[in-house]
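Undergrad: Give me the fold of what follows.
(one chain, ligands or ions: 1)
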Amino acid sequence: MTLASPPSALRTRPFGKLGWAVSEISYGAWALGGGAWGEQDDRESIAALQRAIDLGVNLIDTAAGYGNGRSEQVIARALAGRREKIHLVTKTPPLPGNWPPQPHERVEDRYPESHLRANLEERLRFLNTDCIDVLLLHVWSRAWNRDPQPLAVLEQFKREGKIRAYGISTPDHDQDQLNTLLAAGRLDVIQLVYNLFEQQPAAEALPLAQASGTAVMGRLVFDEGSLTGKLTPATTFPEGDFRRGYFGGDRVPRTVARVERIRDDLRDTPYAPAQAAIKFALAHPAMSTVIPGMRNLAQVEANVGASAAPDLPDALLERLRRHIWLRGNWHAGK
Ligand SMILES: NC(=O)c1ccc[n+]([C@@H]2O[C@H](COP(=O)([O-])OP(=O)(O)OC[C@H]3O[C@@H](n4cnc5c(N)ncnc54)[C@H](OP(=O)(O)O)[C@@H]3O)[C@@H](O)[C@H]2O)c1
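TA: Below you'll find the predicted structure:
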């Protein structure tokens, strides 16, 4: 399969040691599944995907779980006749159970070979393709790093020509979960959270990925939307929208207050908050691509356009690093 280079306005980066030239801003397609993100019109999704491709996006991130395959099937429709231009990344979940898996659970119970194989066949069918560029395991446990049995099955899928590369995605609470596997060079690709609030990967995970030539996909560059600057203290989310929980309790006003401080730092600069959020994640040299979630033409055009903006100057980057937020720590607060 040959992959065309994107138009020059959208810059590309090497995708780890795989040698692919991937658009530095790619497509996060969770919201295209509807459900957890509320109503979504498939025609709007297809128009957004096709516009992104026209602008040079050549990687799309989706998952079995995004609307029970709806996101994958919409992508397949949008890609009719253009499949060869795009790197498709999708995710296989473990068998139903705790999410994230608990430390006492056995990997062979959650990711048995029979499940991995049946799930891959469904991914190929939903995406209407005979080979997936990257298959990620959607969630993992540190307990499984010592004997990561599913990776041998994924190697076999590569030999069979059903996938070109594989990796694992970190859970929201632990961006260092895969460090052992990264240090051992066991993964082609890792997907992790890295943004103006969650900067912990800069300590270990990103340097380990860089040293081992592991491609990095940065997710949640907007912290589920807050870092675009669009939330106000009065923002609420409808019943069924997962952000009702993510921004539950007093988190909306607390988050907005922090975003306002970021906005203060951007006041005399040419960067809008969403652009700065994208540029911040891309400023780490280990980052291969960021995958902002996008659900319409306006978001595609705004986000993809950030590639053409100048890189963040060092002094501004340094200032923005101060917005790190250790939300998982009881003493420092949520
Ligand atoms: N591996 C995993 O477990 C995992 C978990 C989460 C996400 N992901 C992947 O990472 C991708 C990105 O994460 P995410 O979508 O959850 O969060 P995100 O990128 O932090 O935020 C995306 C949301 O921000 C809003 N937005 C995007 N561009 C905007 C703009 N220019 N101006 C204003 N608002 C804008 C949109 O929401 P509204 O239009 O609704 O406001 C959009 O759905 C996902 O799509 C998915 O592919 C993976």
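Undergrad: Phi, psi for the closest residue to the ligand within the stretch 51-200 of the chain please.
TA: Relative to the ligand, the nearest point of the stretch 51-200 of the chain is Ser169 (3.5 Å; C-beta to the nearest ligand atom). (C-beta placed from N, C-alpha, C; glycine too.) For Ser169, the backbone dihedrals (degrees, to the nearest 10) come out as phi -110, psi 140.
Undergrad: residue contacts, it?
TA: By C-beta atoms under 8 Å, 6 or more residues apart in numbering, the contact list for Ser169 reads 91, 136-140, 190-192, 219.
Undergrad: Output the below-cut-off pLDDT ranges for the stretch 151-300 of the chain.
TA: For the stretch 151-300 of the chain, no stretch is flagged by pLDDT under 70.
Undergrad: near the ligand, which residues of it?
TA: Neighbours of the ligand within the stretch 151-300 of the chain, by C-beta under 6 Å from any ligand atom: 169, 191, 219-225, 228, 230, 274, 291-295, 299.
Undergrad: Pipe the contacts of Ser169 into CSV and attach distance to Asp311 per row.
TA: Formatted as CSV, the contacts of Ser169 follow (distance: C-beta to C-beta, whole Å):
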residue, distance to Asp311
Lys91, 30
Leu136, 28
Leu137, 33
His138, 32
Val139, 33
Trp140, 32
Ile190, 23
Gln191, 23
Leu192, 21
Arg219, 21
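Undergrad: Going by neighbour count, which of those residues comes out on top?
TA: For the contacts of Ser169, the largest number of neighbours (other C-beta atoms under 10 Å) sits with Ile190, at 30 neighbours.
Undergrad: from the chain's centre, how far out does the one helix or strand it maps to sit?
TA: Here Ile190, judged by DSSP states H and E, is contained in strand 189-193. Centroid displacement of strand 189-193 relative to its chain, using C-alpha atoms, centre = their mean, to the nearest Å, is 7 Å.
Undergrad: Report the beta-bridge partners for Met217.
TA: Residues in a beta bridge with Met217, per DSSP bridges, are Gln191, Thr289.
Undergrad: Let me see the contact set for it.
TA: By C-beta under 8 Å, 6+ apart, the contact list for Met217 reads 26, 61, 89, 189-192, 288-291.
Undergrad: Equivalent analysis for Arg110, please.
TA: If a contact means C-beta under 8 Å, 6+ apart, then Arg110 has 94-95, 97, 101 as its contacts.
Undergrad: If you drop the residues flanking it in sequence, what lies closest to it?
TA: Closest residue to Arg110 in three dimensions, ignoring its sequence neighbours and counting by C-beta to C-beta, 6 or more residues apart in numbering: Pro94, at 3.7 Å.
Undergrad: Return the residues of the stretch 1-150 of the chain in contact with the ligand.
TA: Contact residues (C-beta under 6 Å from any ligand atom) of the stretch 1-150 of the chain with the ligand: 28-31, 37, 61, 138.
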